[in-house]
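> After the sequence you'll find the predicted model.
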Amino acid sequence: MQFPHLYSPYKRNVLKVLILALVLVCLICASTVPFLWESKSLWYKLGIDKTLLQLGKVAGLWAAVLLYLQIILALKIKILDRILGLDRVYYIHQLNGYLILCLVVIHVSLVLIPEGINNLPIGWKFWPEIVGAAAFLLLIGIVISARFRRALLSYHVWRRFHRPLGYILVVIISIHILYVSDSFENTVPKYVLFGVVGCVVLAILWFKIKYLINLRRYFDIEEIVPVTDDIVSIHLTSPQPFSYAPGQFAFLRFSGHQISSEPHPFTIASAPGYNDTLQFYIKKSGDWTADITSLSQGSPTVHGPFGLFSYKTRSTAKDLIFIAAGIGITPMLSMLREISQHSNPPEILLIWSMRYHTEMFLEREFTELRKTLPKLTTSYVYTREDGGKRITKELLEKLLMEKSKDSHIYICGPERMMKSSRDALVAMGYSKNNIFWERFAL
Ligand SMILES: Cc1cc2nc3c(=O)[nH]c(=O)nc-3n(C[C@H](O)[C@H](O)[C@H](O)COP(=O)(O)OP(=O)(O)OC[C@H]3O[C@@H](n4cnc5c(N)ncnc54)[C@H](O)[C@@H]3O)c2cc1C
């Protein structure tokens, strides 16, 4: 089966280089402003003071460029997902947030040091500087609340204000740049700034409108059935063809009164090409996922697919090793279901760790899959039974004894388990480049 929406690794690498080059060009162009269109504040500065002020302005302009990029990164743009994977896009968004804060601290320090502490720009005459100070405080608030989100707030409350505050920050910073320095009274910097802000606004509108159109494409709930005490299986029927690769995920949203309407990411556990039905296995892990177990009606929409955690995104499907813990089995299940339709399936080893036997909800399906996939081996690990076995280096050495070091390894489960498994595999001689993992948190 073909997946035209996926890019080849070569195309992904070329596009990554192009994106990086584009960001660098924007940063370089921004750096030229304080030198080519020198503001009057620089005329009266000499020597080190002038250099510090110029560098401070460059740092501020870099922060602005990265802030505009930050908005683009948060728009769930499909092309960025196909190049980097949405989880990595969000990770870059996170790191970029810290980088912006560092640059703004440098900007504020370098701009204030040459002025001297006694000449702080206080008073209404300096309103653009005061706007800048407000933006600085807002930025600190946004970065700290994102960093300590889990400890401070529930995800959906945090999410509700994080995005609007980001937009407000962009507006405030643009006003600050435009009025704080007379460099931006010159035609070129002024219109380039208008152009950049215009592009960002258009991108927001474009992706918002596309998203709202998608929200009108309701899926039908075929069934919601509990499969264990805390996992439900949901089948949704698509109103039109929905193409995805095995292992990819989508954002599920239900409108109605029974459940809050924010979108949540879930792996599509079904295999593409079966029929128009998408299946999701959802485990209770918070308030929204608890509500879904008692959902009887609602109008679901599906936004996606996203992600690169699929053997289909790599050039060759060599021998495959799947290591899953708990609900992290869902991408592996989708891939196994898809591979079972192949005429020449690869050798696959599946290691699945659960806490108790009662959490095993796929035994019958795996028994059936082994009939169509004779080269599939399964190994189940129960961490709270059988003397508390775990996925350790010793266990992996035993299970992977006959596996080629070129095998492609997919890991999904709690962060700690993924990290320790990856470290063990690297120590056993597997290349980091052949180990792929999916975090169930964005
Ligand atoms: C790529 C991916 C695939 C996933 N696949 C599955 C799956 O197949 N089955 C399954 O049971 N779970 C899956 N999850 C996890 C699932 O998305 C969360 O368990 C669920 O969103 C928790 O929501 P909650 O409100 O019940 O819990 P909360 O207690 O509110 O949230 C728990 C954590 O889930 C994450 N989260 C919560 N809401 C959102 C949101 N709206 N958007 C993004 N992240 C959010 C946050 O990291 C949060 O800290 C997946 C997550 C990701 C990122």
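Here it is on my side, so go on. Numbers count the residues shown, from 1 in each chain.
> Which parts of the stretch 301-442 of the chain are helices?
Assigned by DSSP state H, counting those that start in this stretch, the stretch 301-442 of the chain shows helices spanning 329-339, 363-372, 393-399, 415-427.
> Buried deepest among the ones you listed, which one?
Stretch with highest mean neighbour count among those: helix 329-339 (a mean of 25; mean count of other CB atoms under 10 Å). Placement of C-beta: from N, CA and C, glycine included.
> How about it and the ligand, touching?
Yes. Contact of helix 329-339 with the ligand (CB under 6 Å from any ligand atom) involves residue 330.
> Quick one: work out the angle between that helix and helix 363-372.
30 degrees (axes from the mean of the first three to the mean of the last three CA atoms, to 10 degrees).
> Let's have the helices of the stretch 301-442 of the chain in a markdown table, adding mean pLDDT and distance to residue 2.
Converted to a markdown table, these look like this (pLDDT from 0 to 100; distance: least, CB to CB, whole Å):
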| stretch | mean pLDDT | distance to residue 2 |
| --- | --- | --- |
| helix 329-339 | 96 | 12 |
| helix 363-372 | 93 | 21 |
| helix 393-399 | 95 | 33 |
| helix 415-427 | 96 | 30 |
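> Which one of those lies nearest to residue 132?
Shortest distance between residue 132 and the helices of the stretch 301-442 of the chain, using CB to CB, is found for helix 415-427: 37.6 Å.
> what helices or strands is that closest one leaning on?
Other elements packing on helix 415-427 under the criterion 3 or more CB pairs under 8 Å, 6 or more residues apart in numbering; DSSP states H and E are helix 393-399, strand 408-412, strand 435-438.
> And for the longest one, what's in contact with it?
Surrounding helix 393-399, the residues in contact under the criterion CB atoms under 8 Å, 6 or more residues apart in numbering are 349, 351, 379, 381, 389, 421, 424-425, 427-428.
> Double-check that residue 49 belongs to a helix.
Yes. Counting by DSSP: H, G, I helix; E, B strand; the rest coil, residue 49 is part of a helix.
> ok, the residue of the chain found nearest the ligand - how many residues close by?
Ranked by CB to the nearest ligand atom, the top residue of the chain for proximity to the ligand is residue 286, at 1.9 Å. Neighbours of residue 286 under the rule other CB atoms under 10 Å: 12.
> please renumber so the chain begins at 89
Okay, residue one is now 89; in that scheme the one you just asked about reads as residue 374.
> Now do the phi/psi pair for it.
Main-chain torsions, residue 374, degrees, to the nearest 10: phi -170, psi -160.
> Tell me how far it lies from residue 347.
Residue 374 sits 12 Å away from residue 347, taking CB to CB, to the nearest Å as the criterion.
> Mind listing residues that contact the least confident helix or strand in the chain by mean pLDDT?
Least confident helix or strand, the chain: helix 128-131 with a mean of 74, by mean pLDDT, DSSP states H and E. Applying CB under 8 Å, 6+ apart, the contact partners of helix 128-131 are 122, 138, 141-142, 269-270.
> Kindly recompute the last result at 7 Å.
For helix 128-131, contacts defined as CB atoms under 7 Å, 6 or more residues apart in numbering pick out 138, 141-142, 269-270.
> Relative to the whole chain's centre, how far out is it?
43 Å (CA atoms, centre = their mean, to the nearest Å).
> Name the helix or strand for residue 197, please.
helix 174-203 (DSSP states H and E).
> what mean pLDDT does that helix have?
Taken as a whole, helix 174-203 carries a mean pLDDT of 94.
> ok, how many other residues are close to residue 295?
Residue 295 has 16 neighbouring residues, counting by other CB under 10 Å.
> Pretty sure it sits against residue 162.
No. Residue 295 is not in contact with residue 162 according to CB atoms under 7 Å; the separation is 9.7 Å.
> Now the common contact residues for those two.
In contact with both residue 295 and residue 162: no residue, using CB under 7 Å, 6+ apart.
> Which residues of the chain lie near the ligand?
For the chain, the residues in contact with the ligand (CB under 6 Å from any ligand atom) are 238, 242-243, 337, 350-355, 369-371, 373-377, 395, 415, 418, 526, 528-530.
> Okay, and which of the residues you listed map to strands?
Using DSSP state E, the members of these that fall in strands are 337, 352-355, 369-371, 526.
> With distance to residue 458 and pLDDT as extra columns, can I get those in CSV?
Below are those laid out as CSV (distance: CB to CB, whole Å; pLDDT from 0 to 100):
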residue, distance to residue 458, pLDDT
337, 26, 97
352, 32, 94
353, 30, 96
354, 26, 97
355, 22, 97
369, 20, 97
370, 26, 96
371, 25, 95
526, 24, 95
